[in-house]
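Asker: Fold the stuff below for me.
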Amino acid sequence: QVQLVESGGGLVQAGGSLRLSCAASGRTFSNYAMGWFRQAPGKERAFVAAISWSEISYYADSVKGRFTISRDNAKNTVSLKMNSLKPEDTAVYYCAARAGSYLATGSYEYDYWGQGTQVTVSS
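Answerer: Purely as a prediction, here's the structure:
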């Protein structure tokens, strides 16, 4: 089992920045690829970014160049730095983990999920 706890959400104006963090506990963190997803009201959960244990990263086109995913295997944390935020970035953001190094983009491919943290971007 892997337990994930997100933090860092909040309300920010368009053009602003936020940093989300996810603390992992349980199994060996470095054995897992980590991902961030988001879900806006009335929409399906969507892939945002993923990072392997060796810090190879992959992003959704909608956030490429604005968001940066990183991880600290020594501290069992993964972060998502979000810059140039837009109102359409408003959603609940979820941290997820899957065993192995593959950078999956489908939510069904992840085994463990955090409870989510709300990000609201005002115009």
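
Asker: Tell me, how many residues neighbour residue 56?
Answerer: Burial measure for residue 56: 11 neighbouring residues, criterion other Cβ atoms under 10 Å. The C-beta positions use only the backbone N, C-alpha and C, and glycine is treated the same way.

Asker: Going forward, count from 824.
Answerer: Done: numbering now begins at 824, and the last item shifts to residue 879.

Asker: what's the spacing between it and residue 873?
Answerer: 9 Å (Cβ to Cβ, to the nearest Å).

Asker: and for these two, which residues touch both?
Answerer: In terms of Cβ atoms under 8 Å, 6 or more residues apart in numbering, residue 879 and residue 873 are both contacted by the residues residue 926.

Asker: can you tell me how far the residue sitting nearest the centre point of the chain sits from residue 872?
Answerer: The residue lying closest to the centre of the chain (Cα atoms, centre = their mean) is residue 859, at 2.2 Å. Going from residue 859 to residue 872 by Cβ to Cβ gives 5 Å.

Asker: again with residue 847
Answerer: 16 Å.

Asker: what do you get for residue 824?
Answerer: 24 Å.

Asker: who's more crowded, those two?
Answerer: A count of neighbours by other Cβ under 10 Å puts residue 872 above the other of residue 824 and residue 872, at 24 against 7.

Asker: Now do the contacts for that one.
Answerer: 858, 859, 880, 881, 882, 883, 886, 890, 892, 903.
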